[in-house]
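Undergrad: no FASTA, just this:
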């Protein structure tokens with residue numbers, strides 16, 4: 001049996017609270033009442049309702065301020081608000097909408113009109129929630145066989161390439177204490193992931209996660225992690241990793257997750273959910289040996305070979321040829337990223353991904369080729385910026 005939708009009625013007039021409450025209860029809604037703005041905020045925080053009916057004219061804190069405060073709290077910002085007041089001026093209604101109200105009713109309110117507005121608002125909210133919950137993003141996990149291979153640089157440029165190809169992309173760092181994307185891109189805010197990790201697990205949903213996203217000057221949205229050494233990768237629990245990733249997947253077409261190195265439990269959760277896994281390695285013996293061990297473990301965990309892409313990151317002359325590496329791993333190298341030290345320095349200086357600093361460079365084309373090789377949700381690879389499908 002479905003639970004009754006809960007409506008919080010806020011009015012300093014007791015008679016109005018009683019009348020409206022009885023009217024809504026007869027229609028099957030559960031109601032709660034508050035006689036002040038402060039009480040309403042406390043009640044909403046303790047038990048978020050499905051809809052708020054909010055009077056404007058109240059002592060101490062008016063309905064406009066209550067609405068503004070509701071919209072400033074991520075876990076409450078999505079709640080529909082219908083304001084009602086004796087004020088009839090257009091300016092007052094405009095002020096209500098500017099404060100964040102979804103609808104506006106003028107007192108005295110006819111019961112049938114109130115009922116119709118409530119039904120319509122709740123129906124719209126249900127439709128929006130369903131649309132968010134059914135959105136399906138392609139999740140691409142990027143990891144290195146060890147640290148210091150340029151995994152974050154690869155992930156950032158892959159994200160920027162997919163964005164150039166017309167995808168709505170979110171780049172997320174699941175590497176608390178070891179993250180560098182914020183430093184590479186000159187961000188001032190590094191605590192997105194940390195803030196989410198400090199929330200109760202039940203508070204992790206699309207609204208709270210979206211609140212922590214940062215939009216870079218390039219247009220790319222990011223969930224940055226801290227580079228403070230005290231925040232180790234193991235501090236991200238698998239439950240939090242799964243909940244954050246699920247919320248991110250409702251907010252964009254493609255989620256690029258930089259998981260660093262290792263197969264601790266949080267990374268395993270991400271890899272289990274990922275549609276594609278990009279593994280970075282260097283063309284030298286130790287890196288290839290580590291790649292062999294990682295591929296064997298992924299196979300043991302049930303990760304299919306079709307989901308894995310190997311990327312050879314060359315930062316100096318190769319000690320091993322690509323055919324020799326492919327022979328050792330019994331896998332094809334999906335993409336080789338050739339050395340571009342000068343471009344990498346320019347990218348850091350300009351706080352931009354390399355593919356945006358020099359879009360016509362061989363390096364940019366290599367990242368675009370990698371992006372184009374990855375099947376997105378629905379089985380289609382990304383298109384190149386000119387709209388052509390990869391050959």
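TA: Right, received. Where do you want to start? From a predicted model like this one, the values you see are computed outputs, not experimental measurements. Numbers count the residues shown, from 1 in each chain.
Undergrad: touching, residue 71 and residue 77? I think so.
TA: Yes - in this structure, residue 71 is within contact of residue 77 by Cβ atoms under 8 Å, at 5.1 Å. To be clear about C-beta, it is placed using only N, CA and C from the backbone, and glycine gets the same treatment.
Undergrad: which residues does the helix ranked longest in the chain contact?
TA: The longest helix of the chain (DSSP state H) is helix 111-134. For helix 111-134, the external contacting residues (Cβ atoms under 8 Å, 6 or more residues apart in numbering) are 5, 7, 20, 23-24, 27, 29, 50-51, 53, 78, 80, 82, 102-103, 105, 206, 250.
Undergrad: tell me how far residue 283 lies from residue 180.
TA: Relative to residue 180, residue 283 is positioned 22 Å away (Cβ to Cβ, to the nearest Å).
Undergrad: more neighbours, the two?
TA: residue 283 (21 against 18; other Cβ atoms under 10 Å).
Undergrad: test my guess that that one contacts residue 319.
TA: Yes - if you go by Cβ under 8 Å, residue 283 and residue 319 touch, sitting 5.9 Å apart.
Undergrad: and residue 312, how close does it get to residue 280?
TA: 8 Å.
Undergrad: of these two, who's got more company?
TA: residue 280 (25 against 22).
Undergrad: got a list of what the more buried one touches?
TA: Here residue 280 is in contact with 142-145, 149-151, 154, 311, 313 (Cβ under 8 Å, 6+ apart).
Undergrad: could you rerun that using 6 Å?
TA: 144, 149, 151, 154, 311, 313 (Cβ atoms under 6 Å, 6 or more residues apart in numbering).
Undergrad: same question, residue 35
TA: Residue 35 neighbours (Cβ under 6 Å, 6+ apart): residue 12.
Undergrad: phi, psi of it?
TA: With angles defined as degrees, to the nearest 10, residue 35 sits at phi -100, psi 10.
Undergrad: and the gap between it and residue 265?
TA: 48 Å.
Undergrad: and residue 341, by the same measure?
TA: Residue 341 sits 36 Å away from residue 265, going by Cβ to Cβ.
Undergrad: how far out from the middle of the chain is the host helix or strand of residue 268?
TA: In the assignment (DSSP states H and E), residue 268 maps to helix 265-273. The chain centroid and the centroid of helix 265-273 are separated by 17 Å under Cα atoms, centre = their mean, to the nearest Å.
Undergrad: now swap in stretch 349-368 and tell me
TA: Relative to its parent chain, stretch 349-368 has a centroid offset of 24 Å by Cα atoms, centre = their mean.
Undergrad: what residue ranges in the stretch 51-200 of the chain score low on pLDDT?
TA: 74, 88, 128-135 (pLDDT under 70).
Undergrad: mind listing the helices for it?
TA: For the stretch 51-200 of the chain, helices defined by DSSP state H, counting those that start in this stretch occupy the ranges 63-72, 90-99, 111-134, 151-164, 181-184, 192-197.
Undergrad: so which elements touch the fifth one?
TA: Other elements packing on helix 181-184 under the criterion 3 or more Cβ pairs under 6 Å, 6 or more residues apart in numbering; DSSP states H and E are absent; no helix or strand qualifies.
Undergrad: show residues contacting it.
TA: 152, 156, 173, 190, 224.
Undergrad: so which two of those residues are the farthest from each other?
TA: Spatially, the most separated pair among the contacts of helix 181-184 is 156 and 190, at 14.8 Å (Cβ to Cβ).
Undergrad: quick one on the thing from earlier: which residues are in contact with both of residue 71 and residue 77?
TA: With Cβ under 6 Å, 6+ apart, residue 71 and residue 77 have no common neighbours.
Undergrad: and the residue nearest the centre of the chain, what does it touch?
TA: For the chain, the residue sitting closest to the mean C-alpha position, by Cα atoms, centre = their mean, is residue 248 at 3.1 Å. Going by Cβ under 6 Å, 6+ apart, residue 248 touches 170, 172, 255.
Undergrad: assumed the last one was part of a strand.
TA: Meaning residue 255. Yes - assessed by DSSP: H, G, I helix; E, B strand; the rest coil, residue 255 belongs to a strand.
Undergrad: over to the nearest residue to residue 283 once chain neighbours are set aside. Which of the three states is it?
TA: Distances taken as Cβ to Cβ, 6 or more residues apart in numbering place residue 318 nearest to residue 283, at 3.8 Å, with adjacent residues excluded. Following three-state DSSP, residue 318 is assigned to coil.
Undergrad: so between residue 341 and residue 265, which is more surrounded?
TA: Shown here are residue 341 and residue 265; by other Cβ under 10 Å, residue 265 has more neighbours (12 against 9).
Undergrad: dump the helices of the stretch 51-200 of the chain to JSON lines, plus mean neighbour count.
TA: Output for the helices of the stretch 51-200 of the chain, formatted as JSON lines (neighbours: other Cβ atoms under 10 Å):
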{"stretch": "helix 63-72", "mean neighbour count": "20"}
{"stretch": "helix 90-99", "mean neighbour count": "15"}
{"stretch": "helix 111-134", "mean neighbour count": "14"}
{"stretch": "helix 151-164", "mean neighbour count": "27"}
{"stretch": "helix 181-184", "mean neighbour count": "20"}
{"stretch": "helix 192-197", "mean neighbour count": "21"}
